[in-house]
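Undergrad: just a sequence and a predicted model for now, questions to come.
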Amino acid sequence: MKICRYDNNQFGIIRNDTVYDVSDVVASELPAYHYPLPIGDQFIEHLQTIRPKLEKAADIAAGRPVKGVKFLSPVANPTKIIGVPQNYEDHAEEATKDVGISQGLPRRKMEDQGLFLKANSALVGPSEGVAVRFNDHRTDHEAELGVVIGKRGSDISYEDALSHVAGYSIAMDMVVRGKEDRSFRKSVDTYAVLGPWLVTADEIENPGELDFTLIIDNEIRQQNNTKNLILDLQGQIAWASKFYTLYPGDIIMSGTCAGVGPVKPGDIMHLEFKDIGAMEVPVRAHEKY
């Protein structure tokens, strides 16, 4: 199942490039909540329970073409966004050669760097776009597979890791280059893009073997396959869960490959992932408000 959040916080199921509104089912089936709200994204937590009713509602709902739909992040309330640094060998190599990326620091193994966190406030959907915040620093694109946790867990075993996954999305881990802490530079507003929808885990036969491509202005910037991850998805989930309890809706951005580079206002980033689909992310200048 492909499910999205779109327009004015509506929920839809995607079938054959058509979105079917199932918002009424979500509103009626999720429990009523009182402050303080439960931890985790409650839609993702209850997704499997209400899935049959969502599918049934989509069968009879009026559809509209996905073209023109404003896609929001399919996850609204993650407790955290986890990043995995330099998780493709070709990107680790390019980082040592590009001072703009490495800032002149020597290469360190991923296990020595550890995972990092991005602020939840950085999360947007593809249609919301990326707002470049600084003119005097590079803002780079990093195309990645987004893994959305569906079941709470801590100290999860490698063997059991994928059973905790709700589904997969396309992710864009944007970053401001500089000497500051990585999490600080990756947590700028709009610098965590997820979308255009969530593909439930049962529809991805092998998330560890997905081709992906990023194109900007008709130029292929990044192209690789998730089989080349240094630390695979199971390892990422197991490692993260040794430090943090993972909750439904938590997002793991699994790492990027070679080809990272700067974007500027006016660019449109086109990303494609096998078995997930494609999304376009416009880039604009930040506006003060």
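TA: Sure thing, it's come through. Numbering: from 1, shown residues only.
Undergrad: confirm residue 28 sits in a helix?
TA: Yes. Counting by DSSP: H, G, I helix; E, B strand; the rest coil, residue 28 falls inside a helix.
Undergrad: residue 1 versus that one, what's the distance?
TA: Using CB to CB, to the nearest Å, residue 28 is found at 18 Å from residue 1. Quick note: C-beta positions are derived from backbone N, CA and C, even for glycine.
Undergrad: the two: which has the busier surroundings?
TA: Relative neighbour count places residue 1 above the other of residue 28 and residue 1, with 17 against 10, counting by other CB atoms under 10 Å.
Undergrad: surely the more buried one touches residue 51?
TA: Yes. Between residue 1 and residue 51 there is a contact under CB atoms under 8 Å: 6.7 Å.
Undergrad: okay, and the common contacts of those two?
TA: residue 200 (CB atoms under 8 Å, 6 or more residues apart in numbering).
Undergrad: hey, which helix or strand in the protein has the poorest pLDDT?
TA: The least trusted helix or strand in the chain, going by mean pLDDT, DSSP states H and E, turns out to be helix 99-102, with a mean of 72.
Undergrad: what's the burial count for the residue nearest to residue 107 when sequence neighbours are not counted?
TA: Excluding its sequence neighbours, the residue lying closest to residue 107 (CB to CB, 6 or more residues apart in numbering) is residue 96, at 4.9 Å. The number of residues packed near residue 96 is 14, by other CB under 10 Å.
Undergrad: and the contacts of the helix or strand residue 96 falls within?
TA: When elements are assigned from DSSP states H and E, residue 96 belongs to helix 89-97. By CB under 8 Å, 6+ apart, the residues outside helix 89-97 that reach it are 86, 101-102, 106-107, 110, 224, 228, 230, 255-260.
Undergrad: give the buried residues for the helix or strand containing residue 238.
TA: Residue 238 is part of helix 233-243 when elements are defined by DSSP H and E. Along helix 233-243, these residues count as buried under the neighbour rule (16 or more other CB atoms under 10 Å): 233, 234, 236, 237, 238, 239, 240, 241.
Undergrad: for the third one, which residues are in contact?
TA: Same thing as residue 236. 82, 84, 115, 147, 161, 252, 254.
Undergrad: mind checking pLDDT for it?
TA: For residue 236, the pLDDT comes out at 98.
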